[in-house]
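Undergrad: Quick one, structure for this:
(chains A, B and C)
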Amino acid sequence: MNFLPKDEKFFELFENHAGILCKAAKLMITGLESGYEGMCGIAKEMGELEDQGDHVIHDIFARLRSTFITPFDPEDIQALATAIDDVLDGIDDLTFRIVAYRLDPIPASVLGIAEMVYSSCSLLSLALNALHHKKPVIDLCIEINRLENEADKIERMMLAELFRSEKDPIALIKQKEIYELLETITDRCEDVADVIQNVAVKNS
Amino acid sequence: MNFLPKDEKFFELFENHAGILCKAAKLMITGLESGYEGMCGIAKEMGELEDQGDHVIHDIFARLRSTFITPFDPEDIQALATAIDDVLDGIDDLTFRIVAYRLDPIPASVLGIAEMVYSSCSLLSLALNALHHKKPVIDLCIEINRLENEADKIERMMLAELFRSEKDPIALIKQKEIYELLETITDRCEDVADVIQNVAVKNS
Amino acid sequence: MNFLPKDEKFFELFENHAGILCKAAKLMITGLESGYEGMCGIAKEMGELEDQGDHVIHDIFARLRSTFITPFDPEDIQALATAIDDVLDGIDDLTFRIVAYRLDPIPASVLGIAEMVYSSCSLLSLALNALHHKKPVIDLCIEINRLENEADKIERMMLAELFRSEKDPIALIKQKEIYELLETITDRCEDVADVIQNVAVKNS
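TA: Below you'll find the predicted structure:
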C-alpha cells in the first residue's frame, strides 16, 4: 500500500461518507430521545443526510471510473462504498417507518438497539481512519461483530416478548418491522467491517 | 470490445432475455388494467414467460461454460443475466401474490408504479441494445435511476397513507407487501442498469 | 486441481461445515415431529450447532488469510463458506421463530418442506465430497434445483390456502413468515449448489 498523493482522495471520500453516517446515527438517537414527535422533527434533516451520502457515493464511483491508481482493489472500493450506503439507507428507512407507522409511543427498547447502531457507526469511522493510516483494524472490527451479536440477542428477546404480549395485530406488525430493521442495520455495519478487514488483510 | 462473430450470440441472448422481461411487464399492465379478474387471467401466461426466462439464463450459463471468448467479463455476464432474471422473478411474484391474496379491488396506485416498472424494463431493453452496438448507455441508465427514485417516493406515500387509513390488519398486510414488492422491482431494474453502466465503462 | 497436502484442510473444513448443517437439518426434523414442545426442546442444541458453524467459518477465513495455496479461487472459498452458513442461519432462525411465535400446533405442511430442506442439505454434503474427490457434481446440483422448484410450488399453494382460510391476522402473520422462511432456506441451498457447480466447472 504505497499511496500516491491522488489516492488520498479516496480515503478522504470514505471518511466523509463515514462522517455523514455518524451524523445520521446521532440524529436518529436525538430523535428517539424525544419520542414520536422527535422523530417527526428530524425526518427532513435525515433525508438531507441521505442525499449527502448519495453525492459522496457518486463521487467515489466517478473517481473510480476516471483513475487507474487506487489505494486498494477497485472491487473493494465499490463494495465498501455500497456497504456504507446500505447502513445509511437503513437508518433513513427506520426514520421514515417510525414516522409513517405513527409508532407512538416508541417502545423504550428501540433506543437501546439504536445506541448500539450509533456505537457501531462510530467504530466504523475509526476503522476507516485506521485503514487510511495503516494502523490495525482488527480490534475495532471484533467490537462491531460483538455489538451485532448482542443486538441480535436483544432483537430475539424483543420479538418473543412482542408475540407473547401484543394482541393488536397492526401494533404487532409495526413493532416487529422496527425491531427487525434495527437488527438488519447492525448486520450491515458488520458487512462494512468485513470489507474493511478484508482490505486490511490483502494490503498488509 | 472487438467482437468475434461468436460473441454476437451473448448479445442476442441478452436481448431475448430483455424482450421476455418487457413482455412480462406489459402483461402485468394488461392484467392490472382489468382488475383482480384480469390478474387471475394472466397468471398462467406469466408463468410461461418466467419459464422462458429460465431457459435463456440456462443458455447463457451453458455458453459461458463452453466458451473462452466473451464480449465482456464472464463475471459481468453472470451478474447481468442474474440481475435481469431477478426483475422477471419479481414481476412473476407480484402476479402470484395479487392472485393468492385475493387483492380485490386492486388499489389504483398499484397500476401507477407498475407503469413505471414497464418503462424501466423498456429502457433496460434499449440500454442492452445500445451496449451491443457500442452506443452510449448513460442517459438510459440515468432515466432508470430517476424512475427508481420516483417509485420510492410514491411507495413511501402509499405506505404512510395505508397505515393512516387501513384498519383491517389482513388488508393492510396484503397492500403493504404489494407496494414494497413493486418498489423492490424498480430497485432491481436499477441493479441491472448499474451492471450495464459498469460494463460500458470498463469496455470504453 | 492438483492439490498439495495442505489444501486438504480446506475440504476437510467444508465437509465439517456441511456435516454440522446436516445435523441441524436433522435436528429440525426431530423437533418438528414432536410438535411445538419438540421445537422448544431442540432450541438450545440448535444454538450450539450454529456456534459450531461459526467456528468452522472462522477457521476457513483464518486459513484463507494465512495461506497462498488454495484448492480453488479464494473468492469461491469465501462464497462457499458464506453460502453454507446462510443455510445454517436460516434453519436456526426458523427454529427460533417457531418457538418465539408460539406456533402451536405447527401446520403439518411445515414438516413436508422441512424434509425437503433436509434432503437438500444431504445432497450438498454429497456434492462437496464429490468436489473434493473430483467426481461429477452435476446430477446432485440438478436434484437440489429440482427440490427448490418443488418447495417453491408447495410454498405458493400454502400461502394461497392461508390467505383463503385464515381469518386471525396474527396467526396469518406467523404462518406466512414460517412458510416464506422455509422457501428461503431451499433458495439458499440452491445458492450453495450454484457455487459448487461453478467451482467444478472452473477446475475441470
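
Undergrad: which ones are touching the most centrally placed residue in chain A?
TA: Centroid-nearest residue in chain A: A:V87, 3.1 Å away (criterion: CA atoms, centre = their mean). Residues near A:V87 by CB atoms under 8 Å, 6 or more residues apart in numbering or on different chains: A:21, A:121, A:124, A:185, A:188-189, A:192. (Each C-beta comes from the backbone N, C-alpha and C, glycine too.)

Undergrad: give me that answer again for 10 Å
TA: For A:V87, the contact set (CB atoms under 10 Å, 6 or more residues apart in numbering or on different chains) comprises A:17-18, A:21, A:24-25, A:53, A:117, A:120-121, A:124, A:184-192.

Undergrad: tell me which element it is part of?
TA: helix A:74-100 (DSSP states H and E).

Undergrad: and the following helix or strand past that helix, which residues are buried?
TA: Scanning forward in sequence from helix A:74-100 by DSSP H and E, the next helix or strand is helix A:108-132. Using 16 or more other CB atoms under 10 Å in any protein chain shown as the test for burial, helix A:108-132 gives A:109-110, A:113-132.

Undergrad: where does chain A come near chain C, residue by residue?
TA: A:75, A:149, A:156-164, A:166-170, A:172-173, A:176, A:194, A:197-198, A:201-202, A:204 (CB under 10 Å from any CB of the partner chain).

Undergrad: Show only the entries of those found in helices.
TA: A:75, A:149, A:156-164, A:169-170, A:172-173, A:176, A:194, A:197-198, A:201-202 (DSSP state H).

Undergrad: so where's chain A uncertain?
TA: Low-confidence segments of chain A (pLDDT under 70): A:1-6.

Undergrad: Flag every residue of it that's near chain B.
TA: Residues of chain A lying near chain B (CB under 10 Å from any CB): A:54, A:61, A:64-66, A:74-75, A:78, A:82, A:93, A:96-97, A:99-103, A:168-174, A:177.

Undergrad: quick revisit: the helix holding A:V87 versus helix B:74-100: what angle between them?
TA: 20 degrees (axes from the mean of the first three to the mean of the last three CA atoms, to 10 degrees).

Undergrad: List the buried residues of helix A:74-100.
TA: Quick answer for helix A:74-100 (16+ other CB under 10 Å): A:76-100.

Undergrad: next one: stretch A:28-47
TA: So stretch A:28-47, judged by 16+ other CB under 10 Å, has buried residues A:28, A:31-32, A:36, A:38-40, A:42-43, A:46.

Undergrad: That one: how far from the chain's middle?
TA: 17 Å (CA atoms, centre = their mean, to the nearest Å).

Undergrad: Output the contacting helices and strands for the helix or strand hosting A:K153.
TA: For A:K153, the element it lies in under DSSP H and E is helix A:138-165. With contacts defined as 3 or more CB pairs under 10 Å, 6 or more residues apart in numbering or on different chains; DSSP states H and E, the packing partners of helix A:138-165 are helix A:108-132, helix A:169-202, helix C:74-100, helix C:169-202.

Undergrad: JSON lines for the ones you listed, including distance to C:E143?
TA: Putting the helices and strands packed on helix A:138-165 into JSON lines (distance: least, CB to CB, whole Å) gives the following:
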{"stretch": "helix A:108-132", "distance to C:E143": "41"}
{"stretch": "helix A:169-202", "distance to C:E143": "32"}
{"stretch": "helix C:74-100", "distance to C:E143": "16"}
{"stretch": "helix C:169-202", "distance to C:E143": "9"}
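
Undergrad: Mind giving me the PyMOL select for the contacts of A:V87, buried ones only?
TA: Entered in PyMOL, the line below selects the buried ones among the contacts of A:V87, by 16+ other CB under 10 Å:
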select buried, chain A and resi 17+18+21+24+25+53+117+120+121+124+184+185+186+188+189+190+191+192
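
Undergrad: residue with max distance from the center of chain A?
TA: A:K167 (32.0 Å).

Undergrad: Pull the contacting residues for that residue.
TA: Per CB under 10 Å, 6+ apart, neighbours of A:K167: C:I170.

Undergrad: and what of A:C22?
TA: Counted by CB under 10 Å, 6+ apart, A:C22 has contacts A:118, A:121-125.

Undergrad: what about it, distance to A:L181?
TA: 19 Å (CB to CB, to the nearest Å).

Undergrad: what does A:S109 give?
TA: Taking CB to CB, one finds A:S109 at 13 Å from A:L181.

Undergrad: Identify the contacts common to the two.
TA: A:E155.

Undergrad: so how far is stretch A:43-60 off the chain centroid?
TA: With CA atoms, centre = their mean, you get 13 Å for stretch A:43-60.

Undergrad: isn't A:F72 right up against A:L128?
TA: No: with contact defined as CB atoms under 10 Å, A:F72 does not count as touching A:L128 (12.0 Å).

Undergrad: anything in contact with each of those two?
TA: A:11, A:80, A:199.

Undergrad: before we move on, back to that, quick one, the helix holding A:K153 and helix C:169-202 angle?
TA: 150 degrees.

Undergrad: Buried residues of helix A:138-165, list them for me.
TA: A:140-141, A:143-145, A:147-148, A:151, A:154-156, A:158-160, A:162-163.

Undergrad: mind listing what A:F96 touches?
TA: A:39, A:43, A:46-47, A:50, B:156, B:159-160.

Undergrad: Which residue is the nearest non-sequential neighbour of A:E33?
TA: A:L111 (6.9 Å; CB to CB, 6 or more residues apart in numbering or on different chains).

Undergrad: ugh, typo on my part, it should be A:G38
TA: Using CB to CB, 6+ apart, the closest residue to A:G38 is A:G31 (4.4 Å).

Undergrad: give me every residue that touches the one you found.
TA: Taking CB under 10 Å, 6+ apart as the test, what A:G31 contacts is A:37-43, A:45-46, A:94-95, A:98-99, A:106, A:111, A:114.

Undergrad: just checking, what packs against the host helix or strand of A:E48?
TA: Assignment of secondary structure by DSSP H and E places A:E48 within helix A:35-66. If you count contacts as 3+ CB pairs under 10 Å, 6+ apart, helix A:35-66 packs onto helix A:8-33, helix A:74-100, helix B:169-202.

Undergrad: Quick check: which of those is nearest to C:D7?
TA: Closest to C:D7 of the helices and strands packed on helix A:35-66, according to CB to CB: helix A:74-100, at 24.7 Å.

Undergrad: Just the closest of the buried residues of helix A:138-165 to chain C, please.
TA: A:A160 (3.9 Å; CB to the nearest CB).

Undergrad: Now that closest one: closest residue in space, sequence neighbours ignored.
TA: C:A100 (3.9 Å).

Undergrad: what do you get for A:D152?
TA: A:E183 (6.0 Å).

Undergrad: count of neighbours near A:E48?
TA: Per other CB atoms under 10 Å in any protein chain shown, the neighbour tally for A:E48 reads 12.

Undergrad: list the contacts for it?
TA: So A:E48 contacts A:20, A:24, A:27 (CB under 10 Å, 6+ apart).

Undergrad: residues in contact with the first one?
TA: Contact criterion CB under 10 Å, 6+ apart gives A:48-56, A:84-85, A:88, A:121 as the residues in contact with A:I20.

Undergrad: residues touching the closest residue to A:D104 other than its chain neighbours, list them.
TA: Counting by CB to CB, 6+ apart, A:D104 lies nearest to A:Y36, which is 3.6 Å off, once chain neighbours are set aside. Residues in contact with A:Y36 (CB under 10 Å, 6+ apart) are A:98-99, A:101-106.

Undergrad: One more: A:D139?
TA: A:123, A:126-127, A:130.

Undergrad: Chain neighbours aside, what residue packs nearest to A:A81?
TA: A:I60 (4.6 Å).

Undergrad: same thing with A:D85?
TA: Nearest one to A:D85, counting by CB to CB, 6+ apart, is A:I57 at 5.2 Å.

Undergrad: isn't that neighbour right up against A:A81?
TA: Yes: the pair A:I57 and A:A81 passes the contact test of CB under 10 Å, sitting 5.1 Å apart.
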